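Trainee: Model the following, please.
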Amino acid sequence: MEIRPTTEQDRDVFIDTLFAAFGRFPEPPAERDRVWSALEMDRALFAVTAEGRPVGTTAAYSFELTLPGSVVTPAPGVTAVGVLPSHRRQGVLTAMMRHHLDDARARGEFLSVLLSSEAVIYRRFGYGPATTTHRLTVPRHQAAFAVPRGAAVPVPGSIEVLRRAECAEILEDVYDRYRRTRPGALSRPHHWWARGAGRPPVSPASRYVAVHRDADGVPDGYATYVIEGAGTLTVDETIAADDAVATALARFLLDHDLATEVVFRQCPPGHPLRWQLADIRAARASDETDWLWVRILDVPRALTARGWLTDGELVLEVDDPFAGEHGRYLLTVRDGKAECVPTDRDPDLSLDVSDLGSVYLGGTAPSTLVRAGHIRAHHPAAPLLADALFRAEREPHCLHWF
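Mentor: Residues are numbered from 1 along each chain as shown. Prediction:
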């Protein structure tokens, strides 16, 4: 077996091999060309037999990831991973993942991300679940908002309803400004929007868009939605400059005539909606799942790249079995910046690189992984110090599908 790069001429065979791995057939040609038009064939790989037959695929998108502190960094997004059923459990996936991680390092990238189809696959390659998402469902007859004492004055501005085809540039611009401020958010390159390569609202699927504009008429938020079935209004995503804009959009959606219930997909942890409603039980949470997985490729670079909210020192002993690496690092944080250097000091915490990926964006408290038996704390104060250091300014959240 050989792992080889692909070219643009391999695109159709690549897609056919990927779908065969999942036992499915590709979409009709027009849909197939749109969905897969964003593939970067210079970052795609084939696993081929000695006879030259493709039996496995993997690829990567060149994204940017926002870290705590509003730091934006390159982050390849692994995608299109598949191995034909006839060649599974023969080291094909391992070889492709090793090739991808080596290529990312050669490009100077210090982390990699993916969305995992199965939760048990990627931890052995050093990836850890770093963000979660869930949906909230609100029956319209229970959608009245509470008015707490001292509630803030509603944000000035207006909401306009447009069709997806009428406001593509607004969607792209508002999302790009939003993703630069949200830990865990990924970029959506212009060619994704231009080609409609993705799920709504990136795709050209028919959607209504509630566009919020500030007092000066500048778009600062949107929600894309459709009403289906017996009156279920499904919100693909809500993007807002701040909580006040998000609240204005939620009020608008929950007041929509002819809707029996409103389903907010892709909600971050700690979403405030249930606390804003008069009936705290009205917003039912469901389908909570991991979303973005993070793989650290260079521990010192990763830890010095992100922003920090608390000063302190921590010695981390990090084991990376897949890369065959083991290191001990002194993390020192002062005034929001970090230094990370090798050290011989006794460790405060010992952890796998996959667990470092889970805590890296601030979405998982290190103390939770200590209690779960993933991280070993060498003294009682270490987990609380790690919690304080690794927390982010807000919950990390990723909306982008790839």
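Trainee: okay, CA-based contacts and neighbour counts for the rest of this
Mentor: OK.
Trainee: quick one: least confident helix or strand in this structure?
Mentor: helix 29-35 (a mean of 88; mean pLDDT, DSSP states H and E).
Trainee: got the contact list for it?
Mentor: Residues from elsewhere that reach helix 29-35 (Cα atoms under 8 Å, 6 or more residues apart in numbering): 26, 195-198.
Trainee: And it, what's buried?
Mentor: 33-35 (16 or more other Cα atoms under 10 Å).
Trainee: Could you do stretch 305-317 as well?
Mentor: For stretch 305-317, by 16+ other Cα under 10 Å, it's 305-310, 312-317.
Trainee: now swap in stretch 99-111 and tell me
Mentor: So, applying 16+ other Cα under 10 Å, buried residues of stretch 99-111: 99-101, 104, 109-111.
Trainee: Out of these, list just those in strands.
Mentor: Among those, the residues falling in strands (DSSP state E) are Leu111.
Trainee: Looking at the buried residues of stretch 99-111, which one is closest to Tyr178?
Mentor: Of all the buried residues of stretch 99-111, Leu111 has the smallest distance to Tyr178: 21.6 Å, by Cα to Cα.
Trainee: any idea how far Val71 is from the closest one?
Mentor: Using Cα to Cα, to the nearest Å, Leu111 is found at 14 Å from Val71.
Trainee: What of Phe22?
Mentor: From Phe22 over to Val71 (counting by Cα to Cα), the distance is 36 Å.
Trainee: okay, these two: which has more neighbours?
Mentor: Neighbour count, other Cα atoms under 10 Å: between Phe22 and Val71, Val71 has more, with 16 against 13.
Trainee: Contacts only, for the closest residue to that one other than its chain neighbours.
Mentor: In this structure, Val71 finds its nearest non-sequential neighbour in Arg306, 6.1 Å apart by Cα to Cα, 6 or more residues apart in numbering. Taking Cα under 8 Å, 6+ apart, we find Arg306 in contact with 67-69, 71, 337.
Trainee: Next, format those residues as CSV and append distance to Phe390 and pLDDT.
Mentor: Shown next, in CSV, are the contacts of Arg306 (distance: Cα to Cα, whole Å; pLDDT from 0 to 100):
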residue, distance to Phe390, pLDDT
Leu67, 11, 98
Pro68, 9, 98
Gly69, 11, 97
Val71, 15, 98
Lys337, 12, 97
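Trainee: Show me what the helix or strand hosting Ile239 is in contact with.
Mentor: Element membership for Ile239, per DSSP states H and E: strand 232-240. Here strand 232-240 makes contact (Cα under 8 Å, 6+ apart) with 174-175, 178, 200-201, 220-228, 246, 249, 259-266, 399.
Trainee: Just the ones in helices from those residues, please.
Mentor: Among the contacts of strand 232-240, the residues falling in helices (DSSP state H) are 174-175, 178, 246, 249.
Trainee: picking that back up, grab the two from the contacts of Arg306 that are most spread out in space.
Mentor: Leu67 and Lys337 (12.9 Å).
Trainee: which residues do the two both contact?
Mentor: Counting by Cα under 8 Å, 6+ apart, the residues touching both Leu67 and Lys337 are 306-307.
Trainee: Those two: which has the busier surroundings?
Mentor: Each of Leu67 and Lys337 has its neighbours counted (other Cα under 10 Å); Leu67 has more, 25 against 17.
Trainee: Run a quick check on that one versus Leu361, I expect a contact.
Mentor: Yes: using Cα atoms under 8 Å, Leu67 makes contact with Leu361 at a distance of 6.3 Å.
Trainee: For stretch 285-301, list the C-alpha coordinates in PDB.
Mentor: The C-alpha coordinates for stretch 285-301 follow below in PDB (Å, rounded to 0.1, in the frame of the first residue of the first chain):
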ATOM      1  CA  ALA A 285     -32.300  21.000  25.200                       C
ATOM      2  CA  SER A 286     -31.600  17.900  23.000                       C
ATOM      3  CA  ASP A 287     -29.000  16.300  20.700                       C
ATOM      4  CA  GLU A 288     -26.000  17.500  22.700                       C
ATOM      5  CA  THR A 289     -22.900  16.300  21.000                       C
ATOM      6  CA  ASP A 290     -19.200  16.900  20.600                       C
ATOM      7  CA  TRP A 291     -18.400  19.000  17.500                       C
ATOM      8  CA  LEU A 292     -14.900  20.400  16.900                       C
ATOM      9  CA  TRP A 293     -11.900  18.100  17.800                       C
ATOM     10  CA  VAL A 294      -8.400  19.600  18.200                       C
ATOM     11  CA  ARG A 295      -5.000  18.000  17.800                       C
ATOM     12  CA  ILE A 296      -2.000  19.800  19.100                       C
ATOM     13  CA  LEU A 297       1.100  19.300  16.900                       C
ATOM     14  CA  ASP A 298       3.600  21.600  18.800                       C
ATOM     15  CA  VAL A 299       2.900  22.100  22.500                       C
ATOM     16  CA  PRO A 300       5.000  25.200  23.100                       C
ATOM     17  CA  ARG A 301       3.700  27.000  20.000                       C
END
